[in-house]
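Q: quick one, what's the 3D model for this:
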Amino acid sequence: MTEPAPEVTVRPARTEDADLLLAWANDPVTRAASFSSAVIDRPDHLRWLAERLASPRTRLYVGELDGVPVGQVRFDLGPDGTAGGGISVAPAMRGRGLGRALLRAGVTAIWADPAFAGVTLVARVRVDNARSLRLFEGVGFRHRSTGTCDGAPCVTLELAP
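A: Now for the predicted structure:
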C-alpha cells in the first residue's frame, strides 16, 4: 500500500527567512548539484534575497509541513514570458518524498498568481543530477532540450499550464 503524499504548503518567503535559506543554499549537497558550487556569503545572499523579494518578476516560496520549513521553490519570470524555476529541500528533510509535494505546491501557487497565470514553467537541471531530473519529470515537466547552462551540461524541462 502506498503512503499518501505529504501535505506541503507554501508561503511567500520573508526577510526573516534569510538565514534558513542561506543554510539550505550552502548545504554541500545543494552546492554540488548547482551550476555554481561556490559557497554563498551572507552579504551577497542578503542582497540577493532583498532583490528577489522586491521583484515583481520573482516568487520565492518556503514550503512547510505542519508549520515546519522543509524547503524552498522559486520562479523568475523571464523576458521570453516563461518562468524559470528552482527548488531545494532542507537537508534534514531529504529522503521523505517532500520534494515532489513541495514542487507541486509551488506550481499550484505560481499559476494561482495573476502575474504568472498561464505561464510555461522551465527548469534547467545538470545532466548528472538524476534526482532533480526525476523530481521535475514526476511533476509533469517534459524534456525540451539538452545543452549547456553556465558551462555545465544541462537538460531544460518545461511544464505548460
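Q: centre of the chain versus the worst-scoring helix or strand of the chain on mean pLDDT, how much separation?
A: Ranked by mean pLDDT, DSSP states H and E, the weakest helix or strand in the chain is helix 28-33, scoring a mean of 80. Relative to the chain's own centre, helix 28-33 is displaced by 14 Å; criterion: C-alpha atoms, centre = their mean, to the nearest Å.
Q: and for stretch 136-154?
A: Stretch 136-154 sits 14 Å away from the centroid of its parent chain (C-alpha atoms, centre = their mean).
Q: what sits up against that stretch?
A: Residues outside stretch 136-154 that contact it (C-beta atoms under 8 Å, 6 or more residues apart in numbering) are 35-36, 100, 103-104, 107, 121-128, 155-159. To be clear about C-beta, it is placed using only N, CA and C from the backbone, and glycine gets the same treatment.
Q: go again using 7 Å as the cut-off
A: Outside of stretch 136-154, the residues within contact range by C-beta atoms under 7 Å, 6 or more residues apart in numbering are 35-36, 100, 103-104, 107, 123-127, 155-159.
Q: distance from the chain centre to the helix or strand where Ala50 lies, please.
A: Secondary structure from DSSP states H and E places Ala50 in helix 42-54. From the chain centre to the centre of helix 42-54 is a distance of 16 Å (C-alpha atoms, centre = their mean).
Q: list the buried ones in the least confident helix or strand of the chain?
A: 30, 33 (16 or more other C-beta atoms under 10 Å).
Q: quick one: the helices in this protein?
A: 18-25, 28-33, 42-54, 98-112, 130-138 (DSSP state H).
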